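can't give you the sequence, but here's the structure:
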């Protein structure tokens, strides 16, 4: 099983994508999709950085839901901030967040989280991955932002990837 | 023929229009480049989600089968948008530091002298 | 397609157009190169959303293909331009 299907998650994702792209569902499409799903990971295996273990699917699902909620909340906040920018200018500034994450997949996931949430923009990562420069749209308490950011996103990622 | 779905589709489309307008307004009116970077993120997240929700509901309702094509766009968008925004932010930081703008200094390796873990870490064994 | 949805789609398209005009002003005005790239990226995303709304308007799923291509082209062009700002050349 392991030898036939070295990357189960990637393969099932590719298969799902293929079937969605090639609706309607027919046996021929399924066959082609299986070919892609089994062949492509092997072909590009030498390109990717090695896949890390993914533990705790429950924490992962909770993290995804949390990020979804944060996106909606933050988007509404940013839109409100834009509409009243004339009277009440948003206090945007850079925040330097010390990081404990070292795994590159976890950092990539953190990049996706910060970029998807409209209120934060990932700006720079220290060369030794010890700190992260974020630009925050509207911020009043820096220390509180850092602690909540670490608790909300960094610690679950640490549990999942390390 | 009025269905329960129709107001939902209409509402999500108009809401996405308002979000896009907010994003455009932010792009136009905010004073600083890094402030402005937050605005287009609105369009590529919340507005895109709302339109996709609307189109999935509408097309599933019309054809009486679950139509999930739209998900792909959301997934592709949420993979590509972070990469381009991070690269653009880096480019902007680089250029403005060169121009001598008052920005935070480049982050340096501050912690311990040991180098970052090499790419071929022992995690490789786990997926094989 | 009944009246409510027709009007909603028209209103949505008008709002998108307003957003695109504002983005276009930023594209022409700058002031810096990164502002223009940001505006271009925004225009790509809104054009992609426009395709999805047109898919509902004309009840056709050909527009999904177009939207997908729009996402990919927007990504590639933004990456190439940002990379150019960072290094002065696109491929090292």
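Here it is on my side, so go on. As the structure is a computational prediction, the values presented were derived from the model and not from experiment. Residues are numbered from 1 along each chain as shown, chains lettered A, B, ... in the order given.

what is the neighbour count of residue C:82?
By other C-beta atoms under 10 Å in any protein chain shown, 26 other residues sit near residue C:82. The way it works is simple: take the backbone N, C-alpha and C, and place the C-beta from them, glycine included.

is it true that it touches residue B:84?
Yes. Judged on C-beta atoms under 8 Å, residue C:82 makes contact with residue B:84 at a distance of 6.6 Å.

what is the helix or strand hosting residue B:6 packed up against?
Assigned by DSSP states H and E, residue B:6 belongs to helix B:5-29. With contacts defined as 3 or more C-beta pairs under 8 Å, 6 or more residues apart in numbering or on different chains; DSSP states H and E, helix B:5-29 has these neighbours: helix A:57-83, helix B:33-36, helix B:38-42, helix B:48-63, helix C:3-29, helix C:33-57.

can you say which of those helices is packed in most?
Most buried of these by mean neighbour count (mean count of other C-beta atoms under 10 Å in any protein chain shown) is helix B:38-42; its value is a mean of 30.

do it and chain C come into contact?
Yes. Applying C-beta under 8 Å from any C-beta of the partner chain, one finds that helix B:38-42 is in contact with chain C at B:39-40.

just stretch B:57-73 next, same as before
Yes. Stretch B:57-73 lies within reach of chain C by C-beta under 8 Å from any C-beta, at B:58-59, B:62, B:67, B:69-70, B:72-73.

report the lowest-confidence entry in those residues.
Within the set of these, pLDDT is lowest for residue B:67 (73).

is it fair to say that one lies in a helix?
No. Judged by DSSP: H, G, I helix; E, B strand; the rest coil, residue B:67 forms no part of a helix; its state is coil.

that one against residue B:60, yeah?
Yes. Counting by C-beta under 8 Å, residue B:67 does reach residue B:60; the two are 4.5 Å apart.

from residue B:79, how far out is residue C:49?
Distance check for residue C:49 against residue B:79: by C-beta to C-beta, to the nearest Å, it reads 17 Å.

same check, this time on residue B:62
With distances taken as C-beta to C-beta, residue B:62 is found 29 Å from residue B:79.

just give me the neighbour total for the nearest residue to residue C:8 once chain neighbours are set aside.
In space, and not counting its chain neighbours, residue C:8 is closest to residue B:10: 3.4 Å by C-beta to C-beta, 6 or more residues apart in numbering or on different chains. A count of neighbours around residue B:10, defined by other C-beta under 10 Å, yields 22.

report the buried residues of the lowest-mean-pLDDT helix or strand in chain C.
In chain C, no helix or strand scores lower on mean pLDDT, DSSP states H and E than helix C:62-87, which sits at a mean of 87. Within helix C:62-87, the residues that count as buried by 16 or more other C-beta atoms under 10 Å in any protein chain shown are C:63-64, C:67-68, C:70-71, C:74-75, C:78-79, C:81-83, C:85-86.
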